[in-house]
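> return atomic coordinates for the entry below.
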Amino acid sequence: MPQTTNYDAIVIGTSQGGRLLPIALTKAGRKVALIERGHMGGTCVNVGCTPTKTMVASARLAYQAKRGVDYGIHTGPISVDMQAIRKRKQSIVEGARSAFESRIEAVQGLDQLRGLAHFIAPKTLEVYLNGGETREITAPMIFIDTGDRPKQLAIKGVESVPVLNSTTIMELDTIPEHLLIIGGGYIGLEFGQMFRRFGSQVTIIQHRPRLLMSEDEDVSDEVTKILREDGITVLTATTPQQVEPLGSRHIQLTVRTPQGEQQLTGSHLLAATGRVPNTEDLTPEAAGIHLDKEGYIQVNRQLETNVPGIYALGDVKGGPAFTHISYDDFRILRTNLLEHGSASTQDRLAPYTIFIDPQLGRVGMSENEARKQGCNIRVAKLPMNAVIRALETGETRGFMKAIVDADTQQILGCTILGMEGGEIMTIIQVAMMGKLPYTALKEGTFTHPTLAEGLNNLFMTLDS
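Sure, this is the predicted structure:
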């Protein structure tokens, strides 16, 4: 039997929260083991935010170059070099990953175990090290930060054709002739617009009645309009039925639409139908950890599982799957376990930005959510073509929208679909954090001409 090594704390995984937590615990004098089976940095650095937004930047530049004539600039023919885009993406990922690793390496006394961990008892793990050895370790506190991964496509014939996911599509070194995307969430939309701008024909297939079902109808309708303006085919209320090879270089996807069955022909197929948690290899049942029906780890507001001393943070616990949420999870754990505080996830704002172009930034309640909760609300809405900075830059698609409590004048939420929508949303988020009434933004003095200045006019719409 292998000898068991005792620690004060064990952290499994290294997302934004999982990489910082072992540093904080070690500096507080705890004996800590950090386990990582793959690259340091988790999804965000390696296959999520960093690489995708790097490629989004390349796609936007291609788009802007083609629009040069609209600004009186003639650039000549535009070509896209996917191999160079991929190389640039890889370089930025490797730099970010190296920075993560350097920070971990600099921590004296932190044990790094590179391998796969699984529970064999409530507070005991067996680790299969990448070098072939096996270690058994135990600790009174264990933190699970194993993240999630792309969900596999489950339709008839899927095993007979190559299927891309959000990771593998970024490794293409040629531009797809016709990219078929199954899924109308933010992953499908970001990649769809990206590859359309690189030069692909793109079709998005969404089985729900509209794209981005968590957004208000006017928001998803406007996004759909923008994508179609960009030349993307959007099929909603459309269900994939079967896929099969068509010759040596194409695939045929059969879908059921409101008008009947239809065959779509494409060169590449991207599955963007969601993600699943990385919990199976952990054997959580050996520790008695409760999972939800989708396999995500269930936690309370302090991020503790049903097993005292075992916590989960980041995407593996479900809920908003964003890097900044993982970081806030770390802050909650640090506050409670090292600073004797009482932080929780209750009532925390969970902002996000979808990096289509124009961006979609969102925080707080949508109009639908506020009405379902019976709130007495007022809705402020302003088209981006009424914002002088958007007009000057030729970026007039989209709108600003804010939900205000009619009784207290507090801002309950906003959706900004427009140029730098995430940045504008953040201004409103700060106002919400400070509990400023909407009138503070309506009467605020902002630099002219900036996008932030549009907030004056947005909230002035409530005066009528």
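> mean confidence score for the longest helix along the chain?
The longest helix of the chain (DSSP state H) is helix 82-105. Helix 82-105 comes out with an average pLDDT of 94.
> figure out how far that helix is from the centre of its chain.
The chain centroid and the centroid of helix 82-105 are separated by 19 Å under CA atoms, centre = their mean, to the nearest Å.
> buried ones in that helix?
Buried residues in helix 82-105, counted by 16 or more other CB atoms under 10 Å: 82, 85-86, 88-89, 92-93, 96-97, 100-101, 104. In this view, the C-beta of every residue, glycine as well, is placed from N, C-alpha and C.
> in a markdown table: these, plus distance to residue 313.
Below are the buried residues of helix 82-105 laid out as a markdown table (distance: CB to CB, whole Å):
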| residue | distance to residue 313 |
| --- | --- |
| 82 | 36 |
| 85 | 33 |
| 86 | 31 |
| 88 | 31 |
| 89 | 27 |
| 92 | 25 |
| 93 | 22 |
| 96 | 20 |
| 97 | 20 |
| 100 | 16 |
| 101 | 20 |
| 104 | 17 |
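> re earlier: show me what the longest helix of the chain is packed against.
helix 16-27, helix 42-47, helix 49-66 (3 or more CB pairs under 8 Å, 6 or more residues apart in numbering; DSSP states H and E).
> who does the first one touch, helix- and strand-wise?
The elements that helix 16-27 packs onto, with contact taken as 3+ CB pairs under 8 Å, 6+ apart, are strand 9-12, strand 32-36, helix 42-47, helix 82-105, helix 323-338.
> which element follows the lengthiest strand in the chain toward the C-terminus?
Identified as the longest strand of the chain according to DSSP state E is strand 111-121. Proceeding N to C from strand 111-121, the next assigned helix or strand is strand 124-129, under DSSP states H and E.
> ok, of the buried residues of helix 82-105, which one's closest to residue 59?
For the buried residues of helix 82-105, the minimum distance to residue 59 (CB to CB) is 8.5 Å, reached by residue 85.
> can you pull the contacts of that closest one?
Contacts for residue 85 were tallied using CB atoms under 8 Å, 6 or more residues apart in numbering; they are 55, 58, 198.
> which of those residues are buried, as a ChimeraX select command?
Applying 16+ other CB under 10 Å to the contacts of residue 85 leaves a buried subset, and the ChimeraX line that selects it is:
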select :55,58,198
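> what is the nearest of the contacts of residue 85 to residue 8?
residue 55 (41.0 Å).
> returning to that earlier point: redo the helices and strands packed on helix 16-27 as TSV? Include distance to residue 312.
Shown next, in TSV, are these (distance: least, CB to CB, whole Å):
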stretch	distance to residue 312
strand 9-12	10
strand 32-36	14
helix 42-47	14
helix 82-105	20
helix 323-338	8
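> of all the ones you listed, which one is nearest residue 256?
Of all these, helix 42-47 sits nearest to residue 256, with 31.6 Å by CB to CB.
> ok, and what's touching that closest one?
For helix 42-47, the external contacting residues (CB under 8 Å, 6+ apart) are 13-16, 18-19, 38-39, 48, 50, 93, 96-97, 100, 145, 147-148, 166-167, 170, 314-315, 323, 326.
> what's the ChimeraX line that selects buried ones from those?
Listed next is the ChimeraX selection for buried residues among these, using 16+ other CB under 10 Å:
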select :13,14,15,16,18,19,48,50,93,96,97,100,145,147,148,166,170,314,315,323,326
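> residue contacts, residue 213?
184, 220.
> surely it is in a helix?
No - looking at residue 213 with DSSP: H, G, I helix; E, B strand; the rest coil, it is coil, so not inside a helix.
> could you tell me the per-residue confidence at it?
Residue 213 is given a pLDDT of 96.
> endpoints of stretch 332-349, how far apart?
Stretch 332-349 has its terminal residues 14 Å apart, counting by CA to CA, to the nearest Å.
> tell me the secondary structure for residue 262?
Put simply, residue 262 is strand when judged by three-state DSSP.
> cool, and residue 301?
coil.
> quick check: chain neighbours aside, which residue is closest to it?
If the residues on either side of it in the chain are set aside, residue 301 comes closest to residue 344, at 3.8 Å by CB to CB, 6 or more residues apart in numbering.
> tell me where the stretch 151-300 of the chain has helices.
All helices of the stretch 151-300 of the chain, identified by DSSP state H, counting those that start in this stretch, fall at 186-198, 217-229.
> what's the most buried one of these?
Using mean count of other CB atoms under 10 Å, the stretch among the helices of the stretch 151-300 of the chain with the largest mean neighbour count is helix 186-198, at a mean of 24.
> what helices or strands is that one leaning on?
In terms of contacts (3+ CB pairs under 8 Å, 6+ apart), helix 186-198 is packed against helix 49-66, strand 178-182, strand 201-205, helix 217-229, strand 352-354.
> what are the contacting residues of that helix?
Residues outside helix 186-198 that contact it (CB under 8 Å, 6+ apart): 52, 55-56, 58-60, 62-63, 80, 82, 85, 166, 169, 175-176, 179, 181-182, 202, 204, 206, 211-212, 223, 227, 230-232, 270, 272, 354-357.
> as CSV, the helices and strands packed on helix 82-105 with distance to residue 431 and mean pLDDT would be great.
Shown next, in CSV, are the helices and strands packed on helix 82-105 (distance: least, CB to CB, whole Å; pLDDT from 0 to 100):
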stretch, distance to residue 431, mean pLDDT
helix 16-27, 25, 93
helix 42-47, 27, 92
helix 49-66, 25, 97
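> okay, those helices in JSON lines with distance to residue 441 next?
Below are the helices and strands packed on helix 82-105 laid out as JSON lines (distance: least, CB to CB, whole Å):
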{"stretch": "helix 16-27", "distance to residue 441": "30"}
{"stretch": "helix 42-47", "distance to residue 441": "31"}
{"stretch": "helix 49-66", "distance to residue 441": "28"}
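> what separates the residue nearest to residue 301 from residue 332, distance-wise?
Residue 344 sits 7 Å away from residue 332, going by CB to CB, to the nearest Å.
> the more surrounded of those two?
residue 332 (21 against 14; other CB atoms under 10 Å).
> give me the nearest residue to the more buried one, chain neighbours excluded.
Per CB to CB, 6+ apart, closest to residue 332 is residue 343, 4.3 Å.
> residue ranges of each domain in the chain, please.
Here the domain parsing of the chain from automatic domain parsing is 4-149+276-338, 158-273, 358-463.
> OK, contacts around the residue nearest the centre of the chain?
Centroid-nearest residue in the chain: residue 322, 4.9 Å away (criterion: CA atoms, centre = their mean). Each residue near residue 322 by CB under 8 Å, 6+ apart is listed here: 350, 352.
> swap in 7 Å and give it another go.
residue 352 (CB atoms under 7 Å, 6 or more residues apart in numbering).
> perfect, that will be all.
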